[in-house]
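J.: Quick one, what's the 3D model for this:
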Amino acid sequence: METAALKEQLKKQIVEFLNLLSVKPEDIKDDEPLFGEGLGLDSIDSLELIVLLGREYGIDIKDPKEGRKILVDVNTMVAYIEKHRTK
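T.: Numbers count the residues shown, from 1 in each chain. Below you'll find the model as predicted:
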């Protein structure tokens with residue numbers, strides 16, 4: 001899958017999996033931080049994103065430190081998915 005298409009798909013999945021009712025996929029910038037002052041996600045959301053990566057892309061993240069490096073923004077998630085996906 002092309003990188004741009006993967007980014008769009010991932011944004012849709014983030015909105016759906018996390019039930020972000022006030023956010024549209026097109027509102028999420030590729031380099032916008034997912035946590036803190038960016039999209040404003042919390043630690044529960046990070047667990048949901050890890051489940052999303054496992055379910056949709058076959059990526060199993062067991063180390064929380066690794067998760068923090070991956071779940072920075074859409075760009076870092078897509079780069080990781082492209083390198084490690086098994087589905």
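J.: For the residue in the chain sticking out farthest from the centre, what is the enclosing helix or strand?
T.: The C-alpha centroid of the chain is most remote from residue 22, which lies 17.2 Å away (C-alpha atoms, centre = their mean). If you go by DSSP states H and E, residue 22 is not part of any helix or strand.
J.: Now it, what are its backbone angles?
T.: The phi/psi pair for residue 22 (degrees, to the nearest 10) reads phi -90, psi 10.
J.: who does the lowest-mean-pLDDT helix or strand in the chain touch, helix- and strand-wise?
T.: Using mean pLDDT, DSSP states H and E, helix 64-70 stands out as the lowest-scoring helix or strand of the chain, at a mean of 88. The contact analysis (3 or more C-beta pairs under 8 Å, 6 or more residues apart in numbering; DSSP states H and E) places helix 64-70 against helix 43-57, helix 74-84. No exception for glycine: its C-beta is placed from N, CA and C like everyone else's.
J.: want to try JSON lines for these, with mean neighbour count as columns?
T.: Conversion of the helices and strands packed on helix 64-70 to JSON lines gives the following (neighbours: other C-beta atoms under 10 Å):
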{"stretch": "helix 43-57", "mean neighbour count": "16"}
{"stretch": "helix 74-84", "mean neighbour count": "17"}
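J.: Can I get the ones you listed in JSON lines including mean pLDDT?
T.: Output for these, formatted as JSON lines (pLDDT from 0 to 100):
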{"stretch": "helix 43-57", "mean pLDDT": "95"}
{"stretch": "helix 74-84", "mean pLDDT": "97"}
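J.: Could you tell me how many residues sit around residue 9?
T.: Counted with other C-beta atoms under 10 Å, residues neighbouring residue 9 total 15.
J.: Please give me every residue in contact with it.
T.: Residues counted as contacts of residue 9 (C-beta atoms under 8 Å, 6 or more residues apart in numbering) are residue 1.
J.: So it belongs to a helix, correct?
T.: Yes: Residue 9 forms part of a helix when assessed by DSSP: H, G, I helix; E, B strand; the rest coil.
J.: how far out from the middle of the chain is stretch 45-62?
T.: When distances are taken as C-alpha atoms, centre = their mean, to the nearest Å, stretch 45-62 is centred 8 Å away from the chain's centroid.
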